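Chemist: Here is a sequence with its predicted model. Questions after.
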Amino acid sequence: MKIIEKSILSVEEKEVLRELWNQEYPARLYLKNLENFDSYLNGLSNTKHYLLFDDSKKIIGWTFTFFREEENWFAIILDSKIQGKGNGSLLINEIKKNNESLNGWVIDQESELKQNKEFYKSPMQFYIKQDFTICSEIRLENEKMSAVKINWKQ
């Protein structure tokens with residue numbers, strides 16, 4: 001496993017990441033094409049990408065940090081085949097090195113379906129193990145997702 005930090009993604013990397021996004025996130029977050037993906041990324045500021053490659057140089061995980069409303073935020077996606085094996089911790093620890101605080105939105109229920117019709121498993125327990133605090137009074141509720149804010153401070 002190898003992590004590479006990048007400020008700018010190639011078109012090929014974006015397409016792989018869009019496919020990973022659509023495969024692992026709930027269907028309501030589906031990104032139809034590269035333009036949708038670019039539109040999402042272009043709406044973020046100070047973005048840093050951390051790509052996780054397997055031994056065959058295939059991207060199997062991605063986390064990225066960005067600045068929103070005067071706070072550092074992040075998101076993470078791992079291929080479900082490699083979850084539960086320390087790879088998410090590897091990526092989270094990498095972004096913790098460069099940030100004093102991190103915020104994220106986490107889907108905290110298990111009723112969301114993925115594109116393949118399987119249920120999306122909430123990663124809440126993972127974040128608790130990573131020393132994130134659940135800010136249960138702060139929620140995001142819209143047509144795309146129902147989530148709770150999490151925060152980590154150094």
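Modeler: That came in fine, so what should we check first? Model, not experiment: these values are computed from the prediction. Numbers count the residues shown, from 1 in each chain.
Chemist: from here on, contacts and neighbour counts on C-alpha atoms
Modeler: Will do.
Chemist: average pLDDT for the helix or strand harbouring E15?
Modeler: Using DSSP states H and E, E15 sits in helix 11-24. Model confidence over helix 11-24 averages 97 on the pLDDT scale.
Chemist: how about S122, secondary structure?
Modeler: In terms of secondary structure, S122 is coil; the call rests on DSSP: H, G, I helix; E, B strand; the rest coil.
Chemist: Could you report the neighbour count for it?
Modeler: Other residues within reach of S122, judged by other C-alpha atoms under 10 Å, total 16.
Chemist: circling back: and the helix holding E15, what does it pack against?
Modeler: Other helices and strands packing on helix 11-24, by 3 or more C-alpha pairs under 8 Å, 6 or more residues apart in numbering; DSSP states H and E, are helix 34-42, strand 59-68, strand 71-78.
Chemist: Next SSE downstream of the last one?
Modeler: Scanning the chain past strand 71-78 towards its C-terminal end, the next helix or strand to appear is helix 87-97 (assignment: DSSP H and E).
Chemist: any idea how far K85 is from the spatially most distant residue from the centre of the chain?
Modeler: When distances are taken from the C-alpha mean of the chain, S56 lies farthest, 22.2 Å away, according to C-alpha atoms, centre = their mean. In this structure, S56 and K85 are 18 Å apart, going by C-alpha to C-alpha, to the nearest Å.
Chemist: hmm, back to that, kindly reformat the helices and strands packed on helix 11-24 as JSON lines and extend each row with mean neighbour count and distance to N116.
Modeler: Converted to JSON lines, the helices and strands packed on helix 11-24 look like this (neighbours: other C-alpha atoms under 10 Å; distance: least, C-alpha to C-alpha, whole Å):
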{"stretch": "helix 34-42", "mean neighbour count": "13", "distance to N116": "20"}
{"stretch": "strand 59-68", "mean neighbour count": "20", "distance to N116": "18"}
{"stretch": "strand 71-78", "mean neighbour count": "18", "distance to N116": "16"}
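Chemist: could I get these as JSON lines with distance to F119 and mean pLDDT?
Modeler: Shown next, in JSON lines, are the helices and strands packed on helix 11-24 (distance: least, C-alpha to C-alpha, whole Å; pLDDT from 0 to 100):
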{"stretch": "helix 34-42", "distance to F119": "23", "mean pLDDT": "95"}
{"stretch": "strand 59-68", "distance to F119": "20", "mean pLDDT": "96"}
{"stretch": "strand 71-78", "distance to F119": "16", "mean pLDDT": "96"}
